[in-house]
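A.B. asks: For reference, the sequence and a predicted model appear below.
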Amino acid sequence: MSSILEKILTEKQNEVQALKRENISAVKRRPLSLINAIKQKAPVGIIAEIKRQSPSKGMLQEHVDPVKQAKQYEQAGAAAISVLTDYPFFKGRFEDLSAVREAVQIPILCKDFIIDEVQIKKAKSVGADVILLIVAALEQGQLKRLYDFASGEGMDVLVEVHDETELERALSIGANIIGINNRNLSTFVVDLQTTVRLAQHPKLADIVLISESGIVSGEDVRIVQKAGANGILVGETLMKSEDIAKTMNELSLKELV
Ligand SMILES: O=P(O)(O)OC[C@@H](O)[C@@H](O)c1c[nH]c2ccccc12
């Protein structure tokens, strides 16, 4: 396991203890389906991310207004919004997610490092529809338990993998949305061929496949879409864009044949 991921996970254990002392309100709201949202945006649905900072790229946009950014994403045709809620490493907050919830109608992914059920309850209470589970961060039993818990709460789960072994582990818990992270979490090297290679797995036919990280241009999208991706998860390119509508249009392959 990468040292940055280890550091983040150590930090998360403290957060989990704090969340367990919090009185998290139960919500009646029925979560929206990421699967449907992605399928409606064929050939490729975009999960547009709100990310102020990252360990690999440093500061992207410190003073972003998450609500304004999310509205622009939705208006430009995003299938869903991803909101980073980790503070120590990404400068995100649960409050960002709840503010975005008030502003958009599309599904919201709570982008965090989940190791305990209490984080899923928290995500749901602030209005998230979808959670992320990173296979590399979890033991198989824990992965299955958290997956089943979130599913039981009616939430979709994006199960993130980076290699063949992790992909097998995601398939074995019955994941129906799999994210292939093109970024290696230990070296930070980004390679779109990770998606191209893993997407060839014969058991992915009925699974919604999302290509994550390092997507910059329409050409990049075409590569992963041709390989079998139904959706893409894009952060940096959108956070740095000076014309979100134009960038989204290019990434949605509307202008390419
Ligand atoms: O900014 P990028 O390269 O477009 O990447 C977005 C997203 O894939 C990336 O933020 C990400 C993928 N998996 C994660 C897990 C935790 C935090 C962040 C991530």
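C.D. replies: Yep, it's here. Residues are numbered from 1 along each chain as shown.
A.B. asks: just the helices in the chain please.
C.D. replies: Secondary structure of the chain (DSSP state H): helices located at 3-21, 34-40, 66-75, 94-103, 117-125, 140-152, 164-172, 193-198, 218-227, 236-239, 244-251.
A.B. asks: The ligand: which of the ones you listed is closest?
C.D. replies: Judged by Cβ to the nearest ligand atom, the one of the helices of the chain that comes nearest to the ligand is helix 236-239, at 3.5 Å. For every residue, glycine as well, the C-beta is placed using N, CA and C.
A.B. asks: And the ligand, is that closest one touching that?
C.D. replies: Yes. Helix 236-239 lies within reach of the ligand by Cβ under 6 Å from any ligand atom, at 236-237.
A.B. asks: same for that helix, what does it pack against?
C.D. replies: strand 45-50, helix 244-251 (3 or more Cβ pairs under 8 Å, 6 or more residues apart in numbering; DSSP states H and E).
A.B. asks: State the mean pLDDT of that helix.
C.D. replies: Regarding helix 236-239, the rounded mean pLDDT is 98.
A.B. asks: Tell me which residues are up against it.
C.D. replies: Applying Cβ atoms under 8 Å, 6 or more residues apart in numbering, the contact partners of helix 236-239 are 48-52, 54, 57, 60-61, 64, 69, 73, 215-216, 244, 247-248, 251.
A.B. asks: circling back: closest to residue 186 out of the helices of the chain?
C.D. replies: Set against residue 186 and scored by Cβ to Cβ, the helices of the chain come closest in helix 3-21, at 7.2 Å.
A.B. asks: quick one: that closest one to helix 94-103, angle?
C.D. replies: Counting by axes from the mean of the first three to the mean of the last three Cα atoms, to 10 degrees, helix 3-21 lies at 80 degrees to helix 94-103.
A.B. asks: could you give the angle of helix 3-21 to helix 117-125?
C.D. replies: Interaxial angle, helix 3-21 versus helix 117-125 (the same axes, to 10 degrees): 70 degrees.
A.B. asks: List the buried residues for helix 3-21?
C.D. replies: Across helix 3-21, burial judged by 16 or more other Cβ atoms under 10 Å covers 5, 8-9, 12, 15-16, 19.
A.B. asks: which non-adjacent residue is nearest the closest residue to the ligand within the chain?
C.D. replies: The chain approaches the ligand most closely through residue 235 (2.7 Å), counting by Cβ to the nearest ligand atom. Once flanking residues are discounted, residue 235 sits nearest to residue 49: 3.7 Å by Cβ to Cβ, 6 or more residues apart in numbering.
A.B. asks: What parts of the stretch 1-150 of the chain come near the ligand?
C.D. replies: Near the ligand, when you scan the stretch 1-150 of the chain using Cβ under 6 Å from any ligand atom, you find 49, 51, 111, 134.
A.B. asks: No further queries at this time; thank you.
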